[in-house]
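> Give the three-dimensional model of this entry:
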Amino acid sequence: MGQAPRARPKERKKEVIQTKLFVGNLSFETTSEQVRALFAPAGEIVNVFIPTDRDTGRPRGFAFVEFSTAEAAAAAIAKLDGHELDGRNLRVNEATERPSRGPSLPRAGGFNVHAPGPEFRPRPKGSRRNLRARKRSL
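Modelled structure (predicted):
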């Protein structure tokens, strides 16, 4: 007898953004103006973004450069991958879409508000000794 075809597991594809480039291995002192000046000969630049650390405000050592055309982005990759800037060899490639982390669930009081099922009880407060004493009294 014939078997039903197996369902293939979902493959996660990293979606490539054609006109946006990832520039890695940047010095922490590199500015967006320096990056813009380096990439300008390759084509028209739409945006240069250098992410900063949330806590310190210091650049994180990479940037995103967005071009107006995919041809300009490809030319920049070919020309500038491995190029030296501020004493560091740059890594230039196409930016990929960030993988989703799934739905973020709101948290309150140290436990998950959307816990499955009616049998869920939040973790009781208090020390372990106090919990053991409560269990014995039940």
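> how many neighbours does the nearest residue to residue 44 once chain neighbours are set aside have?
Among residues not flanking residue 44 along the chain, residue 68 sits closest, at 4.3 Å (CB to CB, 6 or more residues apart in numbering). Glycine gets a C-beta too; all of them are placed from N, C-alpha and C. Residues within reach of residue 68, counting by other CB atoms under 10 Å, total 12.
> can you check residue 59 too?
Using other CB under 10 Å, residue 59 has 18 neighbouring residues.
> Likewise for the one 3 residues further on?
By the other CB under 10 Å criterion, the neighbourhood of residue 62 contains 16 residues.
> Could you do residue 48 as well?
Residues within reach of residue 48, counting by other CB under 10 Å, total 20.
> Assumed it was part of a strand.
Yes: the assignment for residue 48 by DSSP: H, G, I helix; E, B strand; the rest coil puts it in a strand.
> What are the contacting residues of the longest strand seen in the chain?
Counting by DSSP state E, the longest strand found in the chain is strand 16-24. Contact partners of strand 16-24, identified using CB atoms under 8 Å, 6 or more residues apart in numbering, comprise 35, 39, 46, 61-70, 72-73, 76-77, 90-97.
> Tell me the secondary structure at residue 133.
Taking three-state DSSP, the label given to residue 133 is helix.
> which residue packs closest to residue 47, ignoring adjacent ones?
Nearest non-adjacent residue to residue 47, counting by CB to CB, 6+ apart: residue 66, 4.3 Å away.
> Tell me the pLDDT of that neighbour.
For residue 66, the pLDDT comes out at 95.
> Show me which positions of stretch 30-47 end up buried.
30, 34-35, 38-39, 42-43, 45 (16 or more other CB atoms under 10 Å).
> Save those as JSON lines, and put in secondary structure, distance to residue 133 and pLDDT too.
Converted to JSON lines, these look like this (DSSP: H, G, I helix; E, B strand; the rest coil; distance: CB to CB, whole Å; pLDDT from 0 to 100):
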{"residue": "30", "secondary structure": "coil", "distance to residue 133": "60", "pLDDT": "94"}
{"residue": "34", "secondary structure": "helix", "distance to residue 133": "65", "pLDDT": "96"}
{"residue": "35", "secondary structure": "helix", "distance to residue 133": "62", "pLDDT": "96"}
{"residue": "38", "secondary structure": "helix", "distance to residue 133": "67", "pLDDT": "96"}
{"residue": "39", "secondary structure": "helix", "distance to residue 133": "67", "pLDDT": "96"}
{"residue": "42", "secondary structure": "helix", "distance to residue 133": "71", "pLDDT": "94"}
{"residue": "43", "secondary structure": "coil", "distance to residue 133": "72", "pLDDT": "93"}
{"residue": "45", "secondary structure": "strand", "distance to residue 133": "67", "pLDDT": "95"}
